[in-house]
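Novice: Have a look; sequence and predicted model below, questions after that.
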Amino acid sequence: MDQLTSFFNGNYHLITIVILSVFLGIEVISRVPAVLHTPLMSGANAIHGVVIIGAIIVMGEAKDGDFFSLILGFLAVVLGTLNVVGGFVVTDRMLEMFGKKKKK
């Protein structure tokens, strides 16, 4: 528990930036018209490839016995991968709407 407290005390400015970024992101996304929401989000989800690479680097640089970094990195890889795949699935379905109809 002391490690967690010292982490928050040492990085409170970074945590504040993350929290403010979340609020800013919610505010920006809420102002996007519904017509543009799907194309923008499918493209934004594909950007999570950067998150996956960052998580792999974090896991590779973790010290022996640093299970917090390993677990956090693993969760970031799994959730980032799901987000990337979901973004491509949405984009594919969206592009199928504009394709030629298949004959039976």
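Specialist: Cool, got the structure.
Novice: Could you chop this protein up by domain?
Specialist: 1-31, 35-96 (automatic domain parsing).
Novice: Quick check: next helix or strand after the lowest-mean-pLDDT helix or strand in the chain?
Specialist: Ranking every helix and strand in the chain by mean pLDDT, DSSP states H and E puts helix 34-46 at the bottom, with a mean of 68. Later in the chain than helix 34-46, the nearest helix or strand by DSSP states H and E is helix 49-61.
Novice: Determine the set of other helices and strands touching that following helix.
Specialist: helix 67-96 (3 or more Cβ pairs under 8 Å, 6 or more residues apart in numbering; DSSP states H and E). The way it works is simple: take the backbone N, C-alpha and C, and place the C-beta from them, glycine included.
Novice: Which secondary structure elements does the helix it packs on sit against?
Specialist: helix 34-46, helix 49-61.
Novice: buried residues in it?
Specialist: Using 16 or more other Cβ atoms under 10 Å as the test for burial, helix 67-96 gives Gly73, Ala76, Val77, Gly80, Asn83, Val84, Gly87, Val90, Thr91.
Novice: what about Ile52, how many neighbours?
Specialist: Neighbours of Ile52 under the rule other Cβ atoms under 10 Å: 18.
Novice: Correct me if wrong: it contacts Leu79.
Specialist: No: taking contacts as Cβ atoms under 8 Å, Ile52 lies outside contact range of Leu79: 9.3 Å.
Novice: what about Asp2, neighbour count?
Specialist: 6.
Novice: again with the one 3 residues further on
Specialist: Applying other Cβ under 10 Å, we find 9 residues neighbouring Thr5.
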